[in-house]
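Engineer: Provided below for reference: sequence and predicted model.
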Amino acid sequence: MALTQANLPLTPVKAKTEIILDESQYPIGSVVVNFLVNGDPIKVKTRSSMDLPLSLIGWAAVWIDLAQINASAYHLHYLYNNQSFPPIEYINNNWYYLNWDNRRYYTKPHSQIDTPMSFSLGTHLTPSIEAVF
């Protein structure tokens, strides 16, 4: 039996421009971002102080307080590289790299840190090992 192609009428599809998340599933004080479907960078308002628990930041995330407005953020401290401290933020219960541009932080879905445990970072579901000891 052979498969045949059906002639179906073409119906225009309206594309959504952003993914809307249910903010109630995130802990109070969480940074929640509705990413664009096309993966473009989106503005992120970072935390104003170091308020994440050790179970998330482990020993890998260090808070760098800067005088410039909206520039303070957590930065990833690589164990074997003391010169690279990329900015990161815990967004939608995951860690993301941030980019600084035009006096704002931006991120995109592809900037998610896929294996936070490899940097000793924790998540809501898998706390940092440093928090246990």
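Structural biologist: Nice, thanks for sending it over.
Engineer: C-alpha only now, for contacts and for neighbours.
Structural biologist: Will do.
Engineer: buried stuff in stretch 30-37?
Structural biologist: Residues of stretch 30-37 classed as buried by neighbour count (16 or more other CA atoms under 10 Å): 31-36.
Engineer: Contact partners for the residue nearest the centre of the chain?
Structural biologist: Among the residues of the chain, Y96 comes closest to the average C-alpha position under CA atoms, centre = their mean, at 3.1 Å. Residues near Y96 by CA atoms under 8 Å, 6 or more residues apart in numbering: 88-90, 107, 111-113.
Engineer: Which phi and psi values does it adopt?
Structural biologist: Geometry field for Y96 lists phi and psi as phi -130, psi 140, criterion degrees, to the nearest 10.
Engineer: Tell me the pLDDT of the nearest residue to it once chain neighbours are set aside.
Structural biologist: Take Y96 and drop its neighbours on the chain: the residue closest to it by CA to CA, 6 or more residues apart in numbering is Q112, 4.2 Å away. Looking at Q112, its pLDDT is 96.
Engineer: So, low pLDDT: which residues of this protein?
Structural biologist: Along the chain, the parts satisfying pLDDT under 70 run over 1-29, 79-83, 130-133.
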